[in-house]
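[1] What shape does this take:
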Amino acid sequence: MPDARVYGKETNSVVADITNQIDGIYDYFLDMDSYRKLGLQIIIDGGTAGAGPVGVTVTVHGTVMDDGTVAASCTYEDMTMALFGVANLNAAPGATNSAIWIDNDEICSMLKYVMVRVECDTNADSGDYTIYEKRLY
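    Residues are numbered from 1 along each chain as shown. Below is the predicted model of the structure:
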């Protein structure tokens, strides 16, 4: 039977658009089931200058677990270095950072979920971030 997916059809969304996030760790999940490509753009602002110590740090993780386990309970592997070429995306307090990654090699097509993890550590609850995604069937 032929593949029922319509190739070239895409979805796009703003996964998160957060201002003055309370310090903590926040996970955002993208279900890659039936998608063959992923694009991510991540824009981060480390918050109030001098509020330190770290700012806002983002890492991207993946899992192939497809056994009915809910996204938040899967076991993930950090893929940030493989995807972006750095260990993490970081913006110190008073600074901003932006990165974009397009999955032209269809690396994510074999994943069940992609998790974008954001850690805010500003001592001022002042970190900002926006995560855009685009997935292609």
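[2] pLDDT below threshold where in this structure?
    The model of the chain has pLDDT under 70 over residues 1-9, 51-52.
[3] now do 80
    1-10, 49-53 (pLDDT under 80).
[4] Strands of that one, residue ranges please.
    For the chain, the strands defined by DSSP state E occupy 10-21, 24-31, 37-45, 55-63, 77-78, 89-91, 96-102, 113-121, 127-136.
[5] May I have the strands that pair with the first one, each with its orientation?
    Looking at strand 10-21 with DSSP bridges, its partner strands are strand 127-136 (antiparallel).
[6] and the angle for the strand it pairs with with strand 113-121?
    Strand 127-136 runs at 170 degrees relative to strand 113-121, counting by axes from the mean of the first three to the mean of the last three Cα atoms, to 10 degrees.
[7] ok now strand 127-136, how far from the chain's centre?
    Distance of strand 127-136 from the chain centroid (Cα atoms, centre = their mean, to the nearest Å) equals 7 Å.
[8] which residues make contact with it from outside it?
    By Cβ atoms under 8 Å, 6 or more residues apart in numbering, the surrounding residues in contact with strand 127-136 are 8-21, 23, 28, 30, 32, 35-47, 55-56, 58, 91, 116, 118, 120-121. Heads up, the C-betas are built off the backbone N, CA and C, glycines and all.
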